[in-house]
Each structure stands twice: as structure tokens, then as C-alpha cells.
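# quick check, what structure comes out for this input:
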Amino acid sequence: MKVHFIAIGGSAMHNLAIALHNKGYQVTGSDDEIFEPAYSRLQKHGILPQQVGWFPEKISGNIDAVILGMHAREDNPELIRAKETGVKIYSYPEYLYEQSREKTRIVIGGSHGKTTITAMILHVMKDLEIDTDYMVGAQLEGFDVMVKLTEDARYMVFEGDEYLTSAIDRRPKFHLYQPHIALISGIAWDHINVFPTFENYISQFIIFAEMIPQGGTLVYCNDDEHVVKVAQAISGSIKKIPYNLPECSIRNGSTFIKISGEEIQLQVFGKHNMLNLEGARSILETIGVGAEAFYKSISKFKGASKRLELIRSKGSINIYKDFAHSPSKLKATIEAVKAQFTNRKLIACMELHTFSSLNTNFLDQYEGCMDQADVAVIFYNDHALSLKKLPPINRQLVIESFGRSDVKVFNDRDEMVAFLTCQVEMHTNLLMMSSGDFDGLELKALAEEIFQESN
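Below is the predicted model:
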């Protein structure tokens, strides 16, 4: 098979390219920008484009399929050429489905927690030597790639993103995977540029759940009223499995889960992660993994990349990074760190980076979500606003939207760093939350600077 990737440098796209290369496919691709780690990883596998840019001449009659990335626009010259030649064009999720037609598809959906739940499932399956193909949205410890495709694996596990499929396909990605077993972890309005109302957003999850075939299974979080309503709205002969918060406790900065009278120490923490854990357990139970085997394996799980990831620790100071950017994710992550370390000062710093978070019509959704932080810091970059073609944000509006008058707002990275460095002292946790990079801030370097100041 010969496949060509339009926008091969994307996080998901380059992983699919590597997966197909590993499967023996002949892979080519193009992009107008390729950053790390995609650049080095594509180069390592010998599929890095020789030149940056779009080259319609790469699209010829001997190509079996073109895979279109979200980064490519409708007027992309290679896409136009592909339409002219009549070559089959797939979106990223469409091609993943094609690769999994003969497999049992397990799809993890939800506004939050889906990466972690998917990572937990894959960790246990690998530990128990259950062969599976997969697609996950973060780099996982012990896994070389974020996409694995084989001929023999019985299962394929998908992280089911609700964002758009491609520039020419406005369907949410998770509507294309057609799950046999599905999970919904939680529903909290996001992606305002695509789903203008909360009702419209919820309807996407109803459509997703309705795709489960007769005899299939829906696993859902019983702790979320919106998810419960979605589950109740689904009729037909599918099995519905609710999950709830397990019995757990926190001692000396560690979380323990109690199972059949025995306590198991975990390496992840927070109410949201305990719910994630139960979701993963419920999914694996449907394919025959018992509770004892699950908990023994999950005790070794360290978390997914950028999900409450410990960057540096020194004495009584911990510095974490997290992908949290929406109100529900922000609130859950802050509450998790505060509950885990009740005797430590918590500095919570988040970046307004997504289209929703930078939109003045959405900002009031953040009210109260940082109340548990001792010090609340908001950063936004004027360049990000211009890239998204959004108007400037008034600092006072940000303060009012978060609902606490003492929140510190910065749009200059160096000023923010200077403030954070002065705030960290003994018995302090610093939590850096963003789907971006704080205008190129290297968090490990920030940690070293903080530790030098705290000496």
C-alpha cells in the first residue's frame, strides 16, 4: 500500500504515519511546518519530507490513499490535486476505522479524562499481555508510538476526541469509530467555535452513544448528571454499566484505594483520577479482566504525559504540569492537588490558549474554578489571540470572569515567571496548566530557577 499524508507533521498524523510505516506501508507526506518531536521521529523512520511545503506533484495515480490532517485547509494544493486525480481521500479518523474494521473497537469519549482512561486501559492490557491496537492522544511511558496498527490484534482502543474530523468533514472524530464498547467520562461544554451551545455539544455524545450496536456496551460515569441523562436517553438492547467513585484515602501525600478489605497504593491521585480508574476497570471487565489483576497492574501506572505530571520535586516543593484548559479540567486538577497536599500552599497558573478560553463569550464559564488555589495566576498571549483572529482581552474582564478579585493576570511571560519565582517557598506546590506552552516557557528550566531562589 502507498499512502500520502497531507499535513504529516501533526501530533496524531505523524504517529499514524509511523504506525503504517511499521506495518510495511510505503509512506510519504508533506507539511508547511514540522516541529519537535514529530520532526525527529519522522526522520528516525525515514519518512520526513525532504522539503517543507506543499507539492501537488507528489499526488499521482500510483497512490492508494491520501490521509488528510486537520491542519490542512480546503484550498490546500495537494488536496485539490488529490480530488482531481480521484484518489481515495481519508481523514485521520476515517483511516483508523478502516484499519480496525475486523476488530472489537473500544472508544473512550468525554470532555475530560479520556486520555488518562485510555492510557490506563493500555497500561493494563500491556501488563497482562493482551494484544491490542490503539490510538491515544499523549505519549505514554513504555509505548514507542501513540498509534499501533497490526493485522492480528483482536482489539483496538481509541481515544475518542469530539473535535472536528478535517477541514472538509465537520463530523466529530468519535462519530467515525463505531464502537462496540464505549465509555463517556464526563460532559462539560467546550469547543465553542464548533458547538455554539451546550445543548448542541451534549447532542454529539448522544449521537456517539447511539452508534453502539445491539449487544454492545456503554460504560458511563454515574457521577456526572449530564452523562447519566445521555445514558438514559439511549434505547435498545445495549448493556449499560455505570461507574462511581471507589473507596479511597489519602495519607502523607499518597492515595490508597480499598479493595476487598485490602489497601493498594496508587501513583496517581485526585477524585477525577479515581473516577478515571473505575472507568478503565469497568471497560476491561467487559473483555474478561478481573478486578484483582486490574488493581495489581494499575498500582504501577504513573499517569499520562502532561496529566498531573511531576516536573521537579525538591524537599517540600513540587512542580506539576497538566493539560487542563477547560473549566471542568481546571477545577478538577486544582482540587486534586489541594486535597493531596492539604498542608501546602498551592499556586495554580493556567494559560488561556484555546479558542474557547480566549473567547469573551466563554470566559464566564471559568467562574469559581480556581477557588481552591491559594494563589491564582492567569496568563494569555496576545499572539495567540491574533492567530485565532480574536479581539484583545481586557484584564479586568478576566479577573471578573474567574470570580476572584485577587487573581493575577499576565500577558508578558517574563513578568509571570518573576512573580511565580517570588511566590514559591517551602511547603508549596506549583501547578502549571495549559494546552499550549506559556509562550515557549521551558518548565524544567523554570523549576531549576525556582529551586535556586528557594535555597
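# show me what the longest helix belonging to the chain is packed up against.
In the chain, taking DSSP state H as the definition, the longest helix is helix 271-286. Here helix 271-286 touches strand 104-109, helix 114-127, strand 181-184, strand 217-221, strand 239-243, strand 254-259, helix 291-298, helix 327-340, going by 3 or more C-beta pairs under 8 Å, 6 or more residues apart in numbering; DSSP states H and E. Where you see a C-beta, it was placed from the backbone N, CA and C, and this is true even at glycine.
# can you give me the buried ones in the shortest one?
I take that to be strand 181-184. I181, A182, L183, I184 (16 or more other C-beta atoms under 10 Å).
# where in the stretch 201-350 of the chain is pLDDT low?
Within the stretch 201-350 of the chain, no stretch has pLDDT under 70.
# rerun at 90
235-236, 252-253, 258-262, 303-307, 324-325 (pLDDT under 90).
# re earlier: mean neighbour count, the helices and strands packed on helix 271-286: which tops it?
Compared across the helices and strands packed on helix 271-286, strand 181-184 shows the largest average neighbour count, a mean of 27 (mean count of other C-beta atoms under 10 Å).
# so what touches that strand?
104-110, 114, 117, 160, 205, 208-209, 211-212, 216-221, 227, 230-231, 279, 282-283, 286-287 (C-beta atoms under 8 Å, 6 or more residues apart in numbering).
# check the offset of that strand from the chain's centre.
On the basis of C-alpha atoms, centre = their mean, to the nearest Å, strand 181-184 is displaced by 16 Å from the centre of the chain it belongs to.
# direction included, what does it pair up with?
strand 104-109 (parallel), strand 217-221 (parallel) (DSSP bridges).
# so where do the strands sit in the stretch 301-450 of the chain?
If DSSP state E, counting those that start in this stretch is used as the criterion, the strands of the stretch 301-450 of the chain fall at 309-314, 317-322, 345-352, 375-380, 408-410, 428-433.
# what packs against the longest one?
In terms of contacts (3+ C-beta pairs under 8 Å, 6+ apart), strand 345-352 is packed against helix 327-340, strand 375-380, helix 413-423, strand 428-433.
# looking at these, which is nearest to K44?
Each of those has some distance to K44 by C-beta to C-beta; the shortest is strand 428-433, at 29.1 Å.
# any chance of CSV for the strands paired with strand 181-184, columns distance to Q26?
Output for those, formatted as CSV (distance: least, C-beta to C-beta, whole Å):
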stretch, distance to Q26
strand 104-109, 26
strand 217-221, 38
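# nearest to Q50, of those?
strand 104-109 (36.0 Å).
# the closest one vs helix 114-127, what angle?
Computed by axes from the mean of the first three to the mean of the last three C-alpha atoms, to 10 degrees, the angle separating strand 104-109 from helix 114-127 equals 150 degrees.
# leaving out sequence neighbours, find the closest residue to I34.
Of all residues beyond its chain neighbours, the one nearest I34 is G9 (3.5 Å), with distances taken as C-beta to C-beta, 6 or more residues apart in numbering.
# likewise for T116?
N276 (4.7 Å).
# neighbours of that neighbour, just the number please.
By the measure other C-beta atoms under 10 Å, the count of residues near N276 is 31.
# how about D223?
Applying other C-beta under 10 Å, we find 18 residues neighbouring D223.
# picking up where we left off before, CSV for the strands of the stretch 301-450 of the chain, including mean neighbour count and distance to C422?
As requested, the strands of the stretch 301-450 of the chain are exported to CSV (neighbours: other C-beta atoms under 10 Å; distance: least, C-beta to C-beta, whole Å):
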stretch, mean neighbour count, distance to C422
strand 309-314, 14, 17
strand 317-322, 23, 14
strand 345-352, 25, 11
strand 375-380, 23, 11
strand 408-410, 19, 11
strand 428-433, 24, 11
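# still on that earlier bit, just how off-centre is the longest helix of the chain within its chain?
Worked out by C-alpha atoms, centre = their mean, helix 271-286 lies 16 Å from the chain centre.
# what do you get for stretch 1-15?
Distance of stretch 1-15 from the chain centroid (C-alpha atoms, centre = their mean) equals 19 Å.
# repeat that for stretch 81-92.
Centroid separation for stretch 81-92 versus its chain: 28 Å, with C-alpha atoms, centre = their mean.
# list of residues touching it?
Contact partners of stretch 81-92, identified using C-beta under 8 Å, 6+ apart, comprise 6, 12-13, 16, 56, 59-61, 63-70, 79, 98, 165-166, 168-169, 173, 176.
# no further queries at this time; thank you.
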